[in-house]
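Engineer: Below is the structure, and that's it, no one-letter string:
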């Protein structure tokens, strides 16, 4: 028997990888289109020209999904084709169509996309309380557990220009921003894959414009962690984006805006969202909170759930790290996960929570064990107690 609540003290060396939320379906290198590869410009981290970034040598990636959503109510598109998600121009599939025990999370990322369009990530989540048991949540509130990469661009997959801006200077004033930004834009591929999908240069130019337009506000946020800074910092830029990221949660009771209540340490793919001001009727319609499992055996039957798909599988490994470029000591399952399943739950045969869907490869899924979730829930409980005692 192997405990699902034990982290190994020694981490294996990470390998290159891409995240696996509902971004795309698993991709085998042998079948990757040449259009997905591009020549790397020195000093510039390239983007893929496809919503699916190329998988690493282990073919491991996130299972979330990206889509474009026109601000003026147009249809969502992905790479000029019908998107893989169940979203539509009216905000998504009906709540009644969601599988039991899962919610659909749509995260809108600010400021790096074609004018008039927002970039969205789609993933899954599930209901929890701070004790990770089946007891009802506090009145008017509900916590949603999910994968951190569903809630933000926390590995720089989308904001490639911003990730390279600070290579020469840690603090950029407006002049530095224009100089470094224009240099990076000019060095980015101007070719379009098709007329509906912006070129990488258009992406970069729009991202630079967004930073320029919001420079003063980004500077204020930068000064919170770097007092006296004369410009913007990478930490400040990332925090500003997080604060302006919008998260919508589709549940059995309808759609609700969500805020991030807590995150695991950097590199551990766990986040907890919070829904506020719920009516008693809405809370009842949401459904039950999930109960954390205490152990797992190799060969155990499991069920992984996402907002579009459910996969029955078995446990093939515990504390697997070497395939993924992060701190997650994942539970390895078979068969693989699918687009939209990131952040959703994986259950034991007794319907207890084993962990959070994290990543996938052509043959396997990877699940963050619930021992990485429980400290985040405990931290939220501690904050709540402090507020009540004030």
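Structural biologist: Now that the structure is in, tell me what you want to look at. These numbers come from a predicted model, not from an experiment. Numbers count the residues shown, from 1 in each chain.
Engineer: Give me the contact list for the one helix or strand residue 316 maps to.
Structural biologist: Element membership of residue 316, judged by DSSP states H and E, is strand 310-320. In this structure, residues lying in contact with strand 310-320 by Cβ atoms under 8 Å, 6 or more residues apart in numbering are 2, 4, 6-8, 99, 296-305, 329-338, 341, 364-366, 369. All C-beta spots, glycine's among them, are computed from the backbone N, C-alpha and C.
Engineer: mind listing what's buried in it?
Structural biologist: Using 16 or more other Cβ atoms under 10 Å as the test for burial, strand 310-320 gives 310-311, 313, 315-316, 318-320.
Engineer: Give the residue spans of the stretch 51-200 of the chain that score low on pLDDT.
Structural biologist: Applying pLDDT under 70 to the stretch 51-200 of the chain flags the ranges 51-96, 112-118, 154-158.
Engineer: what ranges do the helices span in it?
Structural biologist: 148-151, 160-164, 174-186, 200-213 (DSSP state H, counting those that start in this stretch).
Engineer: pretty sure residue 123 is touching residue 147, no?
Structural biologist: Yes. Using Cβ atoms under 8 Å as the test, residue 123 is close enough to residue 147 to be in contact (6.4 Å).
Engineer: Spatially nearest residue to residue 170 (excluding sequence neighbours)?
Structural biologist: Distances taken as Cβ to Cβ, 6 or more residues apart in numbering place residue 233 nearest to residue 170, at 6.3 Å, with adjacent residues excluded.
Engineer: That neighbour pairs with what?
Structural biologist: Residues found in beta-bridge contact with residue 233 (criterion: DSSP bridges) are residue 171.
Engineer: for the strand holding residue 316, what is the average pLDDT?
Structural biologist: Strand 310-320 shows a mean pLDDT of 89.
Engineer: how much does the following helix or strand past it deviate in direction from strand 310-320?
Structural biologist: The first helix or strand that comes after strand 310-320 along the chain, using DSSP H and E, is strand 330-334. Using axes from the mean of the first three to the mean of the last three Cα atoms, to 10 degrees, one finds that strand 330-334 and strand 310-320 are set 140 degrees apart in direction.
Engineer: contacts for strand 330-334?
Structural biologist: Contacts with strand 330-334, where a contact means Cβ under 8 Å, 6+ apart, come from 4, 296, 302, 304, 313-321, 324, 346, 354-355, 358-359, 363-369.
Engineer: hmm, try it at 6 Å
Structural biologist: Strand 330-334 is contacted by residues 302, 313-318, 320, 355, 358, 364-367, 369 when judged by Cβ atoms under 6 Å, 6 or more residues apart in numbering.
Engineer: which of these lies closest to residue 187?
Structural biologist: Lowest distance from residue 187 to the contacts of strand 330-334 (Cβ to Cβ) belongs to residue 358, with 33.4 Å.
Engineer: Okay, and the closest one sits in which element?
Structural biologist: Secondary structure assigned from DSSP H and E places residue 358 in strand 353-360.
Engineer: That strand: what's the following helix or strand?
Structural biologist: As the chain continues past strand 353-360, the following element, by DSSP H and E, is strand 365-369.
Engineer: average pLDDT across that next one?
Structural biologist: The predicted confidence, averaged over strand 365-369, sits at 93.
Engineer: Tell me the buried residues in it?
Structural biologist: Buried residues in strand 365-369, defined by neighbour count with 16+ other Cβ under 10 Å: 365-369.
Engineer: got the angle for whichever strand or helix holds residue 218 vs helix 174-186?
Structural biologist: With elements delineated by DSSP H and E, residue 218 resides in helix 215-225, which encompasses its position. Comparing the axes of helix 215-225 and helix 174-186 via the same axes, to 10 degrees yields an angle of 110 degrees.
Engineer: quick one: buried residues of helix 215-225?
Structural biologist: Within helix 215-225, the residues that qualify as buried are 215, 218-219, 221-223, counting by 16+ other Cβ under 10 Å.
Engineer: Quick check: the two most widely separated of the residues you listed?
Structural biologist: 215 and 223 (12.6 Å).
Engineer: The residue nearest to residue 170 is in contact with residue 227, isn't it?
Structural biologist: No. Counting by Cβ atoms under 6 Å, no contact exists between residue 233 and residue 227, whose distance comes to 11.2 Å.
Engineer: of those two, who's got more company?
Structural biologist: Taking residue 233 and residue 227 together and counting by other Cβ atoms under 10 Å, residue 233 has the greater number of neighbours (21 against 7).
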